[in-house]
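Student: my questions concern the predicted model and sequence given below.
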Amino acid sequence: MFQVLELAVAAHAVGIDAGVAHAFAVQGVNLVASAVGVLVPGGLGTTDGAFALSAEMLGTTIDRATSLALLIRCNQLVWLLIGSVTLFVGRTRRMATAAGRN
């Protein structure tokens, strides 16, 4: 449910009317794009293509739908960076603690 809310906020940010039904539709398109992305190396272009093809269903233009897809990708990159930094800091602390014991 949190992801639907997140996508509704992202849709509103790019100018798409983000009612509850549209938010669930956006989530559905995102899930289909993720499923198809498994077949494409790196999933490159699958989310963008899925949103561009479903722009009419979402009640928006292709430009706004593609902008939403790019915003979703940026959000994924932010969480990837947060996770990577957290992992790196955690490993560094464990190594420093282990070195201090020796």
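Tutor: Perfect, thanks for sending it. Numbering: from 1, shown residues only.

Student: which is the succeeding secondary structure element to the helix or strand of the chain with the lowest mean pLDDT?
Tutor: Taking mean pLDDT, DSSP states H and E as the measure, the helix or strand of the chain with the lowest value is helix 20-37, at a mean of 84. Next in sequence after helix 20-37, counting helices and strands by DSSP states H and E, comes helix 46-53.

Student: which other helices and strands contact that following helix?
Tutor: helix 20-37, helix 62-101 (3 or more CB pairs under 8 Å, 6 or more residues apart in numbering; DSSP states H and E). Heads up, the C-betas are built off the backbone N, CA and C, glycines and all.

Student: quick check: His22 vs Val40, distance?
Tutor: Distance of His22 to Val40, computed by CB to CB, to the nearest Å: 26 Å.

Student: what backbone torsions are found at Ala55?
Tutor: Phi and psi for Ala55, reported as degrees, to the nearest 10, are phi -60, psi -40.

Student: need the contact list for it.
Tutor: When contacts are counted by CB atoms under 8 Å, 6 or more residues apart in numbering, Ala55 touches 61-62, 64-66.

Student: swap in Ala11?
Tutor: Contacts for Ala11 (CB under 8 Å, 6+ apart) come out as 17-18, 22-23, 26, 58, 68.

Student: the same query, at a cut-off of 10 Å, please.
Tutor: By CB atoms under 10 Å, 6 or more residues apart in numbering, the residues touching Ala11 are 17-19, 22-23, 25-26, 58, 60, 64-65, 67-68, 71-72.

Student: of those residues, closest to Leu44?
Tutor: Ile72 (13.9 Å; CB to CB).

Student: tell me the pLDDT of the closest one.
Tutor: Predicted confidence (pLDDT) for Ile72: 88.

Student: ok so, going back, starting at the chain centroid, how far to the least confident helix or strand of the chain?
Tutor: Relative to the mean C-alpha coordinate of its chain, helix 20-37 is positioned 11 Å out (CA atoms, centre = their mean, to the nearest Å).

Student: re earlier: format the contacts of Ala55 as a markdown table; extra columns: pLDDT, distance to Arg94 and neighbour count.
Tutor: Shown next, in a markdown table, are those (pLDDT from 0 to 100; distance: CB to CB, whole Å; neighbours: other CB atoms under 10 Å):
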| residue | pLDDT | distance to Arg94 | neighbour count |
| --- | --- | --- | --- |
| Thr61 | 93 | 50 | 14 |
| Ile62 | 93 | 48 | 13 |
| Arg64 | 93 | 45 | 17 |
| Ala65 | 91 | 44 | 26 |
| Thr66 | 92 | 42 | 18 |
